[in-house]
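Undergrad: After the sequence you'll find the predicted model.
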Amino acid sequence: MFSQWMVGIAFFLHASSRYRHVKKFFHNLLENPSYPYKKFFDYTMMVLIIISVYILILHVKHDVSPKWIFFNNYVVSFIFFIEYLLRLWIFSDTSKIVIEQYEHDVFIQRRFNYFDAFRSIVKNKLSFVTSTSAIIDMLAIMPFFHEFRILRVFILFRVFKLFRYSRSLTQLVSILSSKKFEIFTLGIFATVIIMVSSVLIYVMEAHNPESKINTLFDAVYWSVVTIFTVGYGDFVPVTDEGRIVAMAIIVAGIAVISFATSIVVSAFTEKLDEIKEEKLIDDVGKIDQFYLICGYSPLSAEVARQFIRHGNKIVILERAKEKVQQAHKDGFTALAYDSGSLHSYKAIKIDIPTQVKAVILLRDSDVLNVYTALTIREISPTVILLSILHQDENRRKLSLAGINEVVYTQELIGLISKEVSGRPVAFEVIHALRSENSGVFIEEIGLDRMMAERFFEVARLPLFYKRLIVLGIYKTSESKFLFNPSTDLTINEGDVGIVIATRSLIDEFKTLMYQKGKK
Amino acid sequence: MIHNSALVFGFNEYAKQITLQISSEYPSFTVFVMNETEKSAARLAGFEAELFDLSEDWKSIEDRFDINDLIIFCALDNDAENVFLTISLRATFEHIPIIALAGDHESAEKMKSAGANKVMPILQITAGIISEMLEKPTVTEVLHDIFYEDSALKIAQITIPEESFVVGKHLHDIDWGSEYDVLVLAIVDHQLGATFSFTSRGHNHHIDPDDILVVIGYEDKIATFSRAMGVMI
């Protein structure tokens, strides 16, 4: 009966989308660093911790309002308690454990053993409860259960909770924990030195009435203060033998400090690249819209510069680390990942459909560009793909791979050569418009309903007379460009106007179209 | 201005495309290459090529071609060799138009110093096109059609003859769009300098003989406009 009830509940929870949704929400809130609302939760908890510690310090010598004491002991602790329970809940999927046990028992034609399932759940949850961070969480809740003054010190454990909410602190712990063995060795070494020197100094000094070192505790205290190079001077050896011990321990102290420093420095050095990369991935995840450039070469650098000059953001993916370093030196955001691998996009957490304006494939060969295009098409069938074409005979293969736009530089140069030699001035004019270095721009204006209605009315204003050239209207529905259109042309929403003018005049034109439309 | 003869130096993929594009534009054109491999590649593409080396004194060119009606394309693989070729040609022929390819902006500056009239920096051109295709797809399409496709819409540069009725008038005296269905993008006003200025800058230029108008319009309208100006294109 109980086992049926247990399995029934497990299947119900497993199938309930509402339950899954709520659990996922709390999982994101507590554990997912890329979840946008997590930072608000973290900041709130950090503020509560700071208030708690402040009240504790204030309470040492001052009277604190009972309301604040209540707030500190009960409200904050209750919030932490709820947080603890939520973390315990999301740590593992209990219903899944029950279902797996049930299916396992059914498969081997055995009666469902709810005790095994229960044991698995407890074992699983215990691994959370016994983790360092969960123990700190539990200790931080302690003032909630007791009002003994001594237990208020447990509020200090709340400071350790800061590690949960601050990524930098978490990284610090992770860096140091990578050197566990070295730190352990150092600890043993320091302990042995302290023990030996304490005994020696006690033996040498304790019998001398002029010496302040009278107990073994005094000796240990002196050794610790000396070995860590603090040397308060409240206890000093007075015998020659004691001073010899002191000299030896001072030298040993330098060794301990050097060893400790080298451990920390080497830990940071080893992890520095990893930390930088994690930070970079985080930063990329926060960019709203950017162009993704696959492959880094002089052309990629030039393309990136052009986009940045126009106020766009770019991210470069390049497998070769030395090229990525060069990209960083050139001032670009670049990640050392293979753009042709699905795994890369999971690792760098780029959401192509929402974050990427277009993907530009500039890898070393058509083979790699096709492969990358197919990888990206698996993630997003709609994102715009533009690729450089290395060999003309591969053009069709690039199209088949789902690449929307292909640039064949050699052909482009051929076409330009023809124009440059035939109509040099005309070419220079168009080149100047395109390069946007002359102060006059050719701009396409996507027209919404309001702008479409007012386009010609605004274009006829004296301000724009002879200074804003309406080259034409691109009728989107007909995919047709109408050159030098008459002012009675009906423009529809979604059509594109192409105008030539100075930047300020184009901006004014757009503003007036919109303002007049609103009126 | 279209010349009668063109010389293309080099036969890599770029030079091949240049040759393919200009072959129909020039009654006579010759390809010069530095080695047998390039010569074979040219032959494979249907072009006869002649060998040259960078130490030549180029007297043979003077003997074979009318240097007043000649244009040269320098498209060697190596930027340093291309600069050397350009400077050698410029040293011999002061007035021949030279169009040169350059790998990047840095080489482009050297080509200009070497005497090339027009330099095409490959990297910058490609990057510019990529950026424009994604940022301004409609503009790219329209300009591509005007320049490179068999579209009826064309761009033309029209030199104003002395006897043209527009001589003595100002640019804004005429409503080019309504009267001729062409748009005047720029003018080379020789009184103000050798370079062009955009009409959308708003300056009301005085039109003189030999000024050049850069216009966009349908092919037949440009022809009508040219006739009205007193020239044929």
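TA: Okay, I see it.
Undergrad: Which residue is the nearest non-sequential neighbour of the residue in chain B that chain A sits nearest to?
TA: As assessed by CB to the nearest CB, chain A sits closest to B:Gln17 within chain B, at 2.9 Å. Any C-beta I mention is one placed from the backbone N, CA and C, and that applies to glycine too. Leaving aside its chain neighbours, B:Gln17 sits nearest to A:Gly414 (2.9 Å; criterion: CB to CB, 6 or more residues apart in numbering or on different chains).
Undergrad: same check, this time on A:Glu278
TA: Nearest non-adjacent residue to A:Glu278 (CB to CB, 6+ apart): A:Gln171, at 7.8 Å.
Undergrad: returning to that earlier point: wait, doesn't the residue of chain B closest to chain A sit right on A:Gln410?
TA: Yes - the criterion here is CB atoms under 8 Å, and B:Gln17 meets it with A:Gln410 at 4.6 Å.
Undergrad: and stretch A:271-283, what's its mean pLDDT?
TA: Mean pLDDT, computed over stretch A:271-283, is 84.
Undergrad: Could you do stretch A:462-481 as well?
TA: For stretch A:462-481, the mean confidence score works out to 88.
Undergrad: same deal with stretch A:487-497?
TA: Here the average pLDDT along stretch A:487-497 is 89.
Undergrad: before we move on, what about stretch A:340-350?
TA: Mean predicted confidence for stretch A:340-350 is 90.
Undergrad: Give me the buried positions along that stretch.
TA: Across stretch A:340-350, burial judged by 16 or more other CB atoms under 10 Å in any protein chain shown covers A:Gly340, A:Ser344, A:Tyr345, A:Ile348, A:Ile350.
Undergrad: residues of the worst-scoring helix or strand of chain B on mean pLDDT that come out buried?
TA: Ranking every helix and strand in chain B by mean pLDDT, DSSP states H and E puts helix B:59-64 at the bottom, with a mean of 81. Neighbour counts over helix B:59-64 (16+ other CB under 10 Å) mark B:Ile61 as buried.
Undergrad: got the contact list for the residue in the stretch 1-150 of chain A positioned nearest to chain B?
TA: Using CB to the nearest CB, the closest approach of the stretch 1-150 of chain A to chain B is made by A:Ser34 at 27.0 Å. Contacts for A:Ser34 were tallied using CB atoms under 8 Å, 6 or more residues apart in numbering or on different chains; they are A:Asp282, A:Gly285, A:Lys349.
Undergrad: just checking, B:Asp77 touches B:Phe9?
TA: No - assessed by CB under 8 Å, B:Asp77 is found out of contact with B:Phe9, at 10.6 Å.
Undergrad: When those two are compared, which one has more neighbours?
TA: Per other CB atoms under 10 Å in any protein chain shown, whichever of B:Asp77 and B:Phe9 has more neighbours is B:Phe9, with 26 against 16.
Undergrad: So what does that one look like in phi/psi?
TA: phi -100, psi 120 (degrees, to the nearest 10).
Undergrad: next one: A:Ile314
TA: Torsion angles, degrees, to the nearest 10, at A:Ile314: phi -130, psi 150.
Undergrad: surely it meets A:Phe290?
TA: Yes - in terms of CB under 8 Å, A:Ile314 counts as a neighbour of A:Phe290; the distance is 5.8 Å.
Undergrad: pretty sure A:Gly53 contacts A:Phe160?
TA: In this structure residue A:53 is Val, not Gly. No - with contacts counted by CB under 8 Å, A:Val53 stays clear of A:Phe160, the gap being 11.1 Å.
Undergrad: Now distance to A:Phe91 too, for the contacts of A:Ser34, in TSV please.
TA: Formatted as TSV, those follow (distance: CB to CB, whole Å):
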residue	distance to A:Phe91
A:Asp282	24
A:Gly285	25
A:Lys349	23
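Undergrad: Nearest to A:Glu270 among these?
TA: A:Asp282 (20.2 Å; CB to CB).
Undergrad: A:Ile473 versus A:Thr490, what's the distance?
TA: 10 Å (CB to CB, to the nearest Å).
Undergrad: can you check A:Lys38 too?
TA: 48 Å.
Undergrad: now do A:Met142
TA: 73 Å.
Undergrad: With neighbour numbers in mind, choose between these two.
TA: A:Ile473 (26 against 19).
Undergrad: List the beta-bridge partners for that one.
TA: Bridge pairing for A:Ile473 (DSSP bridges) gives the partners A:Leu482, A:Gly497.
Undergrad: Surely it touches A:Gly497?
TA: Yes - with contact defined as CB under 8 Å, A:Ile473 counts as touching A:Gly497 (5.6 Å).
Undergrad: Next, show the common contact partners of these two.
TA: A:Phe455, A:Ile491.
Undergrad: B:Ala100 in helix, strand or coil?
TA: Counting by DSSP: H, G, I helix; E, B strand; the rest coil, the backbone at B:Ala100 sits in strand.
Undergrad: residues contacting it?
TA: So B:Ala100 contacts B:Phe73, B:Cys74, B:Ala75, B:Asn82, B:Thr86, B:Met111, B:Ala114, B:Ala116, B:Lys118, B:Val119, B:Met120 (CB under 8 Å, 6+ apart).
Undergrad: Next: B:Glu132.
TA: A:Arg434, B:Val139, B:Thr140.
Undergrad: so what does the host helix or strand of the first one touch, helix or strand wise?
TA: Same thing as A:Arg434. A:Arg434 belongs to helix A:424-435 when assigned by DSSP states H and E. In terms of contacts (3 or more CB pairs under 8 Å, 6 or more residues apart in numbering or on different chains; DSSP states H and E), helix A:424-435 is packed against helix A:409-422, strand A:440-446, helix B:122-135, helix B:137-148, strand B:153-159, strand B:182-188, strand B:196-198, strand B:212-218.
Undergrad: hey, C-alpha coordinates of that helix in PDB?
TA: The C-alpha trace of helix A:424-435 is given here as PDB (Å, rounded to 0.1, in the frame of the first residue of the first chain):
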ATOM      1  CA  PRO A 424      36.900  56.000 -62.300                       C
ATOM      2  CA  VAL A 425      35.100  59.000 -61.000                       C
ATOM      3  CA  ALA A 426      31.700  57.200 -60.700                       C
ATOM      4  CA  PHE A 427      33.500  54.400 -58.900                       C
ATOM      5  CA  GLU A 428      35.200  56.800 -56.600                       C
ATOM      6  CA  VAL A 429      31.900  58.400 -55.800                       C
ATOM      7  CA  ILE A 430      30.200  55.100 -54.900                       C
ATOM      8  CA  HIS A 431      33.300  53.900 -53.000                       C
ATOM      9  CA  ALA A 432      33.300  57.100 -51.000                       C
ATOM     10  CA  LEU A 433      29.600  56.600 -50.100                       C
ATOM     11  CA  ARG A 434      30.300  53.000 -49.100                       C
ATOM     12  CA  SER A 435      33.400  53.600 -47.100                       C
END
